[in-house]
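K.L.:
Here is my input, please return the structure:
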Amino acid sequence: MQYMRNEERRRSRRIRIGQPMKIRPSDPKDKYFEDTTTTKNVSREGIYFVTRVSGYTEGMRLFVVVPCHTPKAPLDREYLGQVVRIDALPEAQWGVAIQLLSDWKAS
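P.N.:
Got it, this is the predicted structure:
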């Protein structure tokens, strides 16, 4: 099987931006957690972020609110996403790539 480089698989450009976000599993079978972090880069199809939460697995479906403000703001949106890659990083951190599957609802 031949793998394409990440840049070749992407349909839209990634933008480096730090937006606040909140993530939680969408499947009740998964151990529940709420992770609040900041995006490292985003595109129309996905988000990449760094976290200290080790509960992510490839293929896991998630609810992702981005941007996420307290109190809620009109621009806050909730999406259904799926983990497509997890990178082990130094200092007990993980880089997580999420493919956005659909708008879920306005938060």
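
K.L.:
quick one, what contacts the residue nearest to Val53 when sequence neighbours are not counted?
P.N.:
Take Val53 and drop its neighbours on the chain: the residue closest to it by Cβ to Cβ, 6 or more residues apart in numbering is Asp35, 4.6 Å away. No exception for glycine: its C-beta is placed from N, CA and C like everyone else's. By Cβ atoms under 8 Å, 6 or more residues apart in numbering, the contact list for Asp35 reads Lys22, Ile23, Arg24, Thr51, Val53, Gly55.

K.L.:
Type out the ChimeraX command that picks the buried ones from those.
P.N.:
Buried subset of those, written as a ChimeraX selection, criterion 16 or more other Cβ atoms under 10 Å:
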select :22,23,51
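
K.L.:
for the contacts of Asp35, which one is nearest Glu91?
P.N.:
Thr51 (11.7 Å; Cβ to Cβ).

K.L.:
Test my guess that that closest one contacts Trp94.
P.N.:
Yes - with contacts counted by Cβ atoms under 8 Å, Thr51 reaches Trp94, the gap being 5.5 Å.

K.L.:
all strands for this structure, in order.
P.N.:
15-16, 20-25, 35-42, 46-51, 61-66, 77-89, 93-106 (DSSP state E).

K.L.:
Give me the average confidence score over stretch 27-44.
P.N.:
Average pLDDT, stretch 27-44: 93.

K.L.:
distance between the ends of that stretch?
P.N.:
23 Å (Cα to Cα, to the nearest Å).

K.L.:
Please point out which parts of that stretch sit buried.
P.N.:
Asp35, Thr37, Thr39, Lys40, Asn41, Val42.

K.L.:
Just the closest of these to Ser102, please.
P.N.:
Val42 (15.9 Å).

K.L.:
in the sheet, who's paired with the closest one?
P.N.:
Ile15, Ile47 (DSSP bridges).

K.L.:
wait, what's in contact with it?
P.N.:
Val42 neighbours (Cβ under 8 Å, 6+ apart): Arg14, Ile15, Ile17, Gln19, Tyr48, Val66.

K.L.:
if we take those, which one ends up nearest to Val84?
P.N.:
Tyr48 (9.9 Å).

K.L.:
phi, psi of Asp75?
P.N.:
You called it Asp, but residue 75 is Leu. Dihedral pair for Leu75: phi -80, psi -10, per degrees, to the nearest 10.
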